[in-house]
Structures are given as structure tokens and as C-alpha cells.
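[1] next come a sequence and a model predicted from it.
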Amino acid sequence: MPELRIVTLTFAAQALSAAVIAVVLFGFRRQYGKSYLAHWTASWVALAIHHLADAATVLLPAAHPGRLAAAVVADVAGYLQIAWMLFGVYELLRRRPVRMRVAKNLLVTLAIVGVAGALVFAEAARAGIYAFLSAAAYFVASIAFWKARKRREGIGFTMISAPFFAYALQQTHYLVIAVASLLGFEAGYLLYLGYADFLLQSMTGIGMIACLLEDEREASELAAVEAGHLAYHDAMTGLPNRPLFMDRLIVALAQANRANQKLAVFFLDLDRFKDINDSLGHSTGDALLKGVAERIRRCVREGDTVARFGGDEFTLLIPKIENIEDVAKIAQKIIDNLKIPFLIAEREMFVTTSIGIGIFPGDGHDPETLVRNADTAMYRAKDQGRDNYQLYAPAMNARALERLALENLLRKALSHHELRVYYQPLVDLASKRIVGLEALVRWQHPDLGFLLPAHFISTAELSGLIIPIGHWVLLTACKQLRQWQKRVDSDLTVSVNLSARQFQQPNLVSSVAEVLDESGIDPRSLELEITESNAMQNAEVTIHTLRELKALGVRISMDDFGTGYSSLNYLKRFPIDTLKLDQSFVREVNTDRRDAAIVSAVISMAHSLDLTVVAEGVETEEQLGFLRQERCDRIQGFLFSAPMSAEELEPYLMSQRAMRSVTG
Ligand code: C2E
Ligand code: CA
Ligand code: CA
């Protein structure tokens, strides 16, 4: 009988494939120990039994008592298969086990329903109920996998979702056939559906295996990442460890070398940490180290690497530094921050640190040398009484320290009234009269003595102190001018130097306006001097700022002209009034033909642009003669007068007034 053979064959094939998949899953279950695999193994075993029992119901004669028993077994196995399949899906997606009690109760209930159904219902109704439950379960599982597919990499969940969905459709198909059969319609092709069943069922099995393999792959990748992190980080502080630090240093050195940049390596060692550890215990020591790590990390920028080198040693890599002052600032910041007491187990703990610093390229070209030299410098910091930092290169150290010391003194210079303004006359060549004064700052320090700008202006620039200092000079000079205008000469002007830093300051114009207001001078009697190189730094911005200053009514002078790189084009566009010929040209006008040629060319060019020309640094009669011959407008220099204090200068101004009133 061919029909019977077909049925037997397809059932046997399905049972066999289910059994094979069960064996495979069981094998994986033993290997990976995942509990969802146990559920799925059970589910496939149940499915194999379901198929075998189903085959028996078909093969046994209608009246055979074994047939009812087979139906009971088939139904119970079928229901349990669905439940176990779902348990497995739940555990895989939710990553937690199903609750045993709930699972057990459900399985027992399903078994009872299976037994009762097999005893009570006719074959078509039994098939319908089973198909309904199975379709519903596979739909749910398929949707769950589809939704979860984005959470994971790989295509495992998509691959399992599709056959589950197809299987659910097939079960829906069976449900329709069962309902039709109850209504008296028989599907003639029922027999051949067994082939499709075999195929779909095998595919769900393959999908499960694919899914499981991908799940494992992902888990092992995560484990690898975790292991990698552990290998390159210190478990306690979470900071990079020594190997990672050295790795990053190699990369940073290559970059610094290529870009011609400086790089700094700090070596930090906590002072007397061993005492803390020994007296208060390791857990306190650990908590302190964690706190220290966090504080250091907060003192540096994102691109910097803080590492725990070992014990109470930390290292810091700053891949890009501009100058030594910046490095010193960071070191001081760390030292100051660590000094703030730590609160550990409700008690205050005090810790200080010694820092050694190595700088590429000066202190070494390879990672080992740099770290070793930073370490050496750290020991020097310990020798110096701890709680301080030392740069490796001794010369650099001395210069940086000197500069920092100077900066600290300069910080107090203003409030301690140590700064003075000196005035140097600008003399009109035609009338031989003092028409203007250049304000020049001086620093009278109780220990260091009388200091010229060359000793402190660059430090003031670097530290930003030039802003308040420059403002003070401007205000002092304007107030002094007001006095002299009242008492000596109402046409007198004053020139004040502006540094690059001041010139870039966004509120420069308003602060100048404020000074004009406060001193009460006519804006036209103030001249601001900017150097040619400052002006050229960002020519367009310079033009804009100069226009704003001009709008206040003040005059602009181009200082040190001839020393920077200048473009005539810009000179024409800068709204300036005066050009100050740099002293270096004036010095050699009588001995160097080229300098003489330059001076005469600059003077005539300036005149053609309607600018007043001032020659700086005029020291001899010969220089004066040449300048007069070239029709220079004004001169400034020791020949006439060195810069003087207001008190010293005043008699000169008074005598000039007296002369004027005599000559009329
Ligand atoms: P500068 O603006 O070119 O000032 C002229 C400098 O030449 C002054 O030096 C002055 O004393 C000096 N000098 C004047 N006549 C002669 C001379 O005949 N021969 C020689 N060899 N030198 C002469 P000082 O006062 O030492 O100032 C140096 C520089 O410091 C100034 O150069 C200026 O750039 C800067 N500076 C001075 N005071 C201030 C200030 O208040 N603010 C700013 N930003 N810079 C200032
Ligand atoms: Ca000047
Ligand atoms: Ca000058």
C-alpha cells in the first residue's frame, strides 16, 4: 500500500531528524553548559516521540487498544515539545532561567490536557488543537527572535526567526485543514505535507544550532575584550598599566618626532605611602590609591595618559606641550590637588607626592630613557624634601624655576606698588621742542633692584600678567599727562606700548575708553604703540581693532619699524599715524650705506603715506645730522634724554615752558 508507506516513511524521517538534532543539541549542551540547550534537547526528544507515536496511530488498526495509547503519547509529547521549545527561547533571549516551579506546573498541566484531549476528542479535533497551540508558540518565538536581532551582531537571530515563522505558517495550515475536516472537507494532499514538515522541522533545528553557535561566538568575543582590558589595565584603579603606558608612549613619541613637537613624561611617587599602608592597613591604602588616581586624572586633559606604574607609582604622558611653563603648571596642579585631604572611612588622610619630569626630545628619544630620566628626576624631588617636582634637565630646571619665581614676584609687583612709569621725550626736529613722551615701565624690586622691561616683560606676557600691568601703565601715564598738560604744555602727548597679548584682548577698546574717561585727557593726546610684528600676526583682525581704537580718537604708532616682515600693502591699509624707525637702523646710519639707504627710503615712503616718522635710539650728533637731512620728523634717544621718572622730568618740562614764554 503506497499511502501507508509514504506515511511511515515521512514520520520515520521526521522522528529521525528530530532525534539527530536532539543528539547534536545535547552534545552542545554538554560542551557549553547552557540551560536553554537542555530545554531544546528535551523539546526535540519530545518531537521525535511525538512523530513515532503519530506513526503508530496511523499504522495500527482502528480497533487496536495500542492506538489510543499511541494517541495519548503523541499528544502529551507534542504539548511538552511546544513548552520546552518556548522555555529555551525565553532563557536564550532573557538570559535568565525559567522559574522551575512555574515550568513544572505548566508541563504537568499540559500533560494532563494532552491525556484528556486524546481520550475525549476525535482525531481531527485533536489535530486542530495541537496545530493551534503549535502555530501560536512558533509565531511568538519567531517574533521574539526578530525583535531581538538588532541587539546582537551576526545573523543568528534572523536565521532562526525565518524557519520558525515558516513552521508557524505550516501549523496554521494544519489548523485550517483540521477545521475543514471537522466541517466535512478532506484535504487530498494531506499525505504529501509530510515532506514539507520534514523540511521545515529540519530548518528550525538548523536555525537553533546556528543561533547557538553565534551566541557562543559573541560570548567568547566579549570575554576576549574583557581579558584584553584586564591585561592592559590596573584592576584596582582602572587606569592603564605599565605595558599599555609604554605602548602609548611609543606611539606618542613617533608622532611627536614627526610633528616636531615636545612631549612630557611625569613620574609620580607618593611620599611615605608605605607608612600609611603599614600602619592603617591595605584596604585603607587601596582606597587612598584609588582616590589619588582619580585626582590625577582630573588634573589632566583627555588626550593625556595617566597610568599606574606599580605600587604607589604613577606615570603621566602629555603628548603635546608648548613650553616648560605649561608642564610646570600641570605638575604644580597635581601637587596642590593631592594636598587636599582625602576622606577615607570617615577619617582625613594627608598625602603628598614627588614628581619627576622628562621631556622629549631634550631628556631622551626612546620610551625607556624618558621614563628612567623622569624617575631620576623624581628621586631628586624626594631629595629636595619631597612634595615638589623636578625637571630632568638641570639647566632647563634652573631656567624654568627662575621664570616661575619671577612670575610669582611679578604677581605681587602691582599690589606692592613696585612698578614705575618712566618717560622718554620725543623731540620735534624742526622746533627742537619736547612734543611727546613715551611711557616705559620699570620695576623697582626690594631685593632684585631696579629692573628694565627686558627682564620681565616676556614673563609678564607668558603669564598674562601683562594685561593688568599694561592697564596700570596706561592709566598712570594718562593721569600724569593730564597733570603736565594743565601745568606745562597743553599740546603734550603720551605714547604707551601695547603688547601682543593686550592687543588680542577682546575688551581692549573698552578698557582704553575707560582710561580716557578716568584720566580726562583728550583722546588725540594719546598714542598707542604696537610693534610691526604684532600687527602682522593677524593683519585683518589688526585692521579691525585699529579702526575701533581710531574711532575713539586715539593715535596709532607702528613701533620697531623695519625689524618685522612688512608688507607695504598692509602698511597702507593699517590706519596708523606714526612710524617709529627701529634703533638698529639708526645705529649705523653714518657707517653703513645700506642702513642709510633704508632710513631715507622709509622716511620718504612714510611721508608719501602722510605718516609722522620718529627715529628711535638717536645717540650721536652725526645720527641727528643725517636724520635732519632726510627730513625725519621727530627723534627719541639718549642724545636728548634717557627715560626718566616723572619727578626727574618735570624740571625739564618747566624750563621748556619758560623758554617758550621768553621766545614767544
Ligand atoms: P621700545 O618700545 O622700542 O622702547 C624704546 C626702548 O629703547 C626703551 O627701552 C628705551 O629706554 C630705549 N632707548 C631709548 N633711547 C635709546 C637710545 O638712544 N639708545 C638705546 N640703545 N636705547 C634707547 P626700555 O625702556 O628698556 O624698553 C624696552 C622695551 O620694552 C620697549 O621697547 C617696549 O617694547 C617694552 N616696554 C617698555 N615699557 C612697556 C610697557 O609699559 N608695556 C609694554 N607692553 N611694553 C613695554
Ligand atoms: Ca615703544
Ligand atoms: Ca621701539
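    Okay, I see it. Numbers count the residues shown, from 1 in each chain. Ligands and ions are numbered 1, 2, ... in the order given.
[2] what about residue 607, how many neighbours?
    Residue 607 sits with 16 neighbouring residues when counted by other CB atoms under 10 Å. From N, CA and C alone the C-beta is placed, and that goes for glycine too.
[3] ok, it to ligand 3 distance?
    Distance, residue 607 to ligand 3, by CB to the ion, to the nearest Å: 20 Å.
[4] repeat that for residue 393.
    Residue 393 sits 34 Å away from ligand 3, taking CB to the ion as the criterion.
[5] wait, isn't that residue in contact with residue 362?
    Yes - at 5.3 Å, residue 393 and residue 362 qualify as touching, with contact defined as CB atoms under 8 Å.
[6] wait, residue 179 touches residue 127, no?
    No - counting by CB under 8 Å, residue 127 is not a contact partner of residue 179; they are 9.9 Å apart.
[7] so which strand or helix has residue 164?
    helix 156-182 (DSSP states H and E).
[8] can you check residue 442 too?
    strand 434-445.
[9] could you pull out the buried residues of the helix or strand where residue 40 lies?
    Element membership of residue 40, judged by DSSP H and E, is helix 35-59. Residues 36-57 are the ones in helix 35-59 that count as buried (16 or more other CB atoms under 10 Å).
[10] just stretch 497-513 next, same as before
    497-503, 505, 508-509, 511-513.
[11] stretch 561-579 now?
    For stretch 561-579, burial by neighbour count (16+ other CB under 10 Å) applies to 561, 562, 564, 566, 571, 574, 576, 577, 578, 579.
[12] mind listing which of those are in strands?
    Among the buried residues of stretch 561-579, the residues falling in strands (DSSP state E) are 561, 578, 579.
[13] the second one contacts residue 612, doesn't it?
    Yes - counting by CB under 8 Å, residue 578 touches residue 612, with 4.6 Å between them.
[14] touching, residue 358 and residue 371? I think so.
    Yes - between residue 358 and residue 371 there is a contact under CB under 8 Å: 7.0 Å.
[15] please enumerate the shared neighbours of these two.
    Any residue near both residue 358 and residue 371 by CB atoms under 8 Å, 6 or more residues apart in numbering counts here, and that gives 265, 267.
[16] in the longest helix anywhere in the chain, what counts as buried?
    Counting residues, the longest helix found in the chain (DSSP state H) is helix 193-232. By neighbour count on 16+ other CB under 10 Å, the buried set for helix 193-232 is 193-194, 197-198, 200-205, 207-212, 214-215, 232.
[17] now stretch 19-33
    Using 16+ other CB under 10 Å as the test for burial, stretch 19-33 gives 19, 21, 22, 24, 25, 26, 28, 29.
[18] for the stretch 401-550 of the chain, which residues are neighbours of ligand 1?
    Neighbours of ligand 1 within the stretch 401-550 of the chain, by CB under 6 Å from any ligand atom: 424, 440, 441, 452, 453, 454, 457, 470, 473, 497, 498, 499.
[19] quick check: closest non-adjacent residue to residue 500.
    Excluding the flanking residues, the one nearest residue 500 by CB to CB, 6 or more residues apart in numbering is residue 534, at 4.3 Å.
[20] I meant residue 48, not that one.
    Residue 48 sits nearest to residue 18 (CB to CB, 6+ apart), 3.9 Å away.
[21] next, the angle from the helix or strand where residue 22 lies to helix 193-232.
    Assigned by DSSP H and E, residue 22 belongs to helix 2-32. Interaxial angle of helix 2-32 relative to helix 193-232 (axes from the mean of the first three to the mean of the last three CA atoms, to 10 degrees): 10 degrees.
[22] contact partners of stretch 112-119?
    In contact with stretch 112-119 (CB under 8 Å, 6+ apart) are residues 68, 71, 72, 74, 75, 76, 77, 78, 79, 80, 126, 129.
[23] can you pull the buried residues of it?
    114, 115, 117, 118.
[24] next: stretch 409-420.
    Neighbour count says stretch 409-420 has 409, 410, 413, 418, 419 buried, by 16+ other CB under 10 Å.
[25] start to end distance for it?
    Stretch 409-420 has an end-to-end distance of 15 Å (criterion: CA to CA, to the nearest Å).
[26] pull the distance from it to the chain's centre.
    How far stretch 409-420 lies from its chain's middle: 38 Å, per CA atoms, centre = their mean, to the nearest Å.
[27] give me the angle between the helix holding residue 40 and helix 2-32.
    Going by the same axes, to 10 degrees, helix 35-59 makes 160 degrees with helix 2-32.
[28] tell me the first helix or strand C-terminal of helix 35-59.
    Counting by DSSP H and E, what follows helix 35-59 is helix 65-94.
[29] tell me what angle the helix holding residue 40 forms with helix 65-94.
    Going by the same axes, to 10 degrees, helix 35-59 makes 160 degrees with helix 65-94.
[30] in the stretch 151-300 of the chain, what residue is nearest ligand 1?
    Closest residue of the stretch 151-300 of the chain to ligand 1, CB to the nearest ligand atom: residue 262 (27.3 Å).
[31] so which of residue 179 and residue 127 has more stuff around it?
    residue 127 (22 against 16).
[32] so what's the nearest residue to residue 270 once chain neighbours are set aside up against?
    Nearest non-adjacent residue to residue 270, counting by CB to CB, 6+ apart: residue 312, 4.2 Å away. Residue 312 sits next to 269, 270, 273, 274, 289, 292 when contact means CB under 8 Å, 6+ apart.
[33] so how far is ligand 2 from the fourth one?
    The reference is to residue 274. 58 Å.
[34] measure that residue to ligand 3 for me?
    Computed as CB to the ion, the residue 274 to ligand 3 distance reads 59 Å.
[35] would you mind listing what in the stretch 51-200 of the chain touches ligand 3?
    Contact residues (CB under 5 Å from the ion) of the stretch 51-200 of the chain with ligand 3: there are none.
[36] where does the prediction get shaky in the stretch 51-200 of the chain?
    152-154 (pLDDT under 70).
[37] and residue 192, how many residues sit next to it?
    Other residues lying near residue 192 total 12 when counted by other CB under 10 Å.
[38] brain fart, residue 389
    Burial of residue 389 is recorded as 25 neighbouring residues (other CB under 10 Å).
[39] indicate the residue of the stretch 551-664 of the chain located nearest to ligand 2.
    For the stretch 551-664 of the chain and ligand 2, the shortest gap (CB to the ion) falls at residue 559, measuring 4.4 Å.
[40] which residues touch that residue?
    497, 529, 530, 531, 532, 580.
[41] show me which pair in the residues you listed is furthest apart.
    The most widely separated members of these, counting by CB to CB, are 497 and 532 (13.0 Å).
[42] list, one by one, the residues from the stretch 501-650 of the chain near ligand 2.
    Taking CB under 5 Å from the ion as the contact definition, the stretch 501-650 of the chain meets ligand 2 at 529, 559.
[43] the strands in the stretch 501-650 of the chain, which residues?
    For the stretch 501-650 of the chain, applying DSSP state E, counting those that start in this stretch gives strands covering 526-531, 555-561, 578-581, 612-615, 634-635.
[44] show me the strands in the stretch 201-350 of the chain, by range?
    Using DSSP E, counting those that start in this stretch, strands in the stretch 201-350 of the chain cover 262-270, 305-310, 313-321, 342-344, 347-349.
[45] and the ones you listed, which one's lowest on average pLDDT?
    Sorting these by mean pLDDT places strand 347-349 lowest, at a mean of 85.
[46] can you tell me which helices and strands that strand packs against?
    strand 342-344 (3 or more CB pairs under 8 Å, 6 or more residues apart in numbering; DSSP states H and E).
[47] can you give me the neighbour number for residue 12?
    Look at residue 12: counted by other CB under 10 Å, it has 14 neighbours.
[48] isn't it right up against residue 58?
    No - using CB under 8 Å, residue 12 is not in contact with residue 58; the gap is 11.4 Å.
[49] what about the protein, any weak spots by pLDDT?
    Those would be 1-2, 152-154, 394-400, 564-568, 663-664, if you go by pLDDT under 70 across the chain.
[50] how about the residues of it that lie near ligand 3?
    559, 560, 616.
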